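Novice: Pasting the sequence and the predicted model now:
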Amino acid sequence: MKPRTPILAVLAFALLPGLSAAAEIKVAVAANFHGTLQRLAPQYAAASGNTLTLSSNSSGAFYTQIVNGAPFDVFLSADSARPEQLEREGHAVEGSRFIYAIGVPVLWSASTDVVDGEGKVLSEGNFRHLAIAEPRTAPYGMAAQQVLTRLGVWDALERGGRLVKGNSIGQTHSQVASGAAELGFVALAQIKTPAGIAGSHWIPPADMYTPIAQAAVVLKRADDLEAARHFAHWLRNDPVARKAIEDAGYGLE
C-alpha cells in the first residue's frame with residue numbers, strides 16, 4: 001500500500017496559487033542566502049514539482065544585470081532598496097515585494113583565538129587584513145563599514161590598506177575561511193551550523209548598523225510568471241521554509 005500524503009501538507013499546498021505544469025524558476029539570490037536556498041530548493045521541488053536554478057552574486061551586481069535584461073524570474077536581494085527600486089522602475093511586478101529575512105552580520109575568524117567576544121580586536125588592530133564585502137554593492141559590506149565607522153577605525157584601516165574588499169559576501173567568506181584574511185565580516189547564516197560556529201566570532205549590536213531587511217521581488221520578464229509568483233508565495237508563507245530561514249541564522253519580519 002502506498003503511503004498517504006499528510007492531509008495538512010495537501011491543504012497547505014492547496015492554499016498556494018495553482019500551477020499548470022512543472023517549471024524552471026531562475027532565481028538571482030544574494031550570496032549570503034545562497035546556501036540556505038540551496039537547502040530549501042529540494043523541499044520546494046517536492047512541494048510543487050518545479051525546479052529552482054540559482055545564480056549567486058552581490059545585490060548591486062544583480063540589480064545592474066536585471067536592469068540590463070538578465071533573464072531572471074525572481075530576485076532575492078540582501079537589501080530592500082534595490083527590489084523597491086526595480087519595482088518603481090517597472091522591472092518588477094507591482095505588489096510582489098516582501099521581506100523574506102533579516103540579515104545578521106558577524107565578525108568572524110576561522111581561528112579560535114583571533115576574535116574576542118566584544119570585538120575589541122578591531123580597535124586593538126592585532127591583524128594584517130580584515131575582509132569585507134564591497135560596501136557600494138553589498139549590503140553586508142555597508143553594514144561592516146557602518147560598524148567600523150562607529151568604532152572609529154574605518155579611516156585608519158582603509159588608509160593603511162588593511163581592508164580586503166570582496167565582490168560579494170560569498171567571496172568575503174571564502175577569503176576568511178581560507179585564511180587569506182585573518183578575520184572579516186560575513187553573514188551569520190554562512191557560519192552557523194547545528195554544531196555551533198567554528199573559529200571565533202563577535203556579533204555587533206544591532207544599533208551599530210542599518211537593519212539588513214532582505215527583500216524578494218518577482219520580475220516582470222519572468223518566463224513563467226505564475227510559477228515565479230508561486231515560489232515567492234511559498235517562500236513567504238510556508239511554515240517549513242520560514243523555520244529553515246530562522247534556523248539558518250536570520251531574523252523574520
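Specialist: Ah, there it is. Numbering: from 1, shown residues only.

Novice: So what does the nearest residue to Trp154 once chain neighbours are set aside have for phi and psi?
Specialist: Distances taken as C-beta to C-beta, 6 or more residues apart in numbering place Leu148 nearest to Trp154, at 4.1 Å, with adjacent residues excluded. No exception for glycine: its C-beta is placed from N, CA and C like everyone else's. For Leu148, the backbone dihedrals (degrees, to the nearest 10) come out as phi -70, psi -30.

Novice: And for Ala30?
Specialist: Phi and psi for Ala30, reported as degrees, to the nearest 10, are phi -60, psi 140.

Novice: Give the bridge partners for it, please.
Specialist: For Ala30, the beta-bridge partners are Asn57 (DSSP bridges).

Novice: That one and Ser80 touch, don't they?
Specialist: No - if you go by C-beta atoms under 8 Å, Ala30 and Ser80 don't touch, sitting 11.5 Å apart.

Novice: between those two, what contacts are shared?
Specialist: The contact sets of Ala30 and Ser80 overlap at Gln214 (C-beta atoms under 8 Å, 6 or more residues apart in numbering).

Novice: Name the residue in those two with the higher neighbour count.
Specialist: Ala30 (33 against 20; other C-beta atoms under 10 Å).

Novice: And that one, how far from Arg97?
Specialist: 15 Å (C-beta to C-beta, to the nearest Å).

Novice: thinking again about what came up before, tell me, what's the model's pLDDT at the residue nearest to Trp154?
Specialist: Looking at Leu148, its pLDDT reads 98.

Novice: Distance of it relative to Gly60?
Specialist: For Leu148 relative to Gly60 (C-beta to C-beta), the value is 19 Å.

Novice: now swap in Gly161 and tell me
Specialist: Distance, Gly161 to Gly60, by C-beta to C-beta: 23 Å.

Novice: contacts for the helix or strand encompassing Ser174?
Specialist: Here Ser174, judged by DSSP states H and E, is contained in helix 169-178. Helix 169-178 is contacted by residues 30-32, 34, 56, 58, 78, 108-110, 131-133, 138, 140-141, 164, 166, 180-187, 190-191 when judged by C-beta under 8 Å, 6+ apart.
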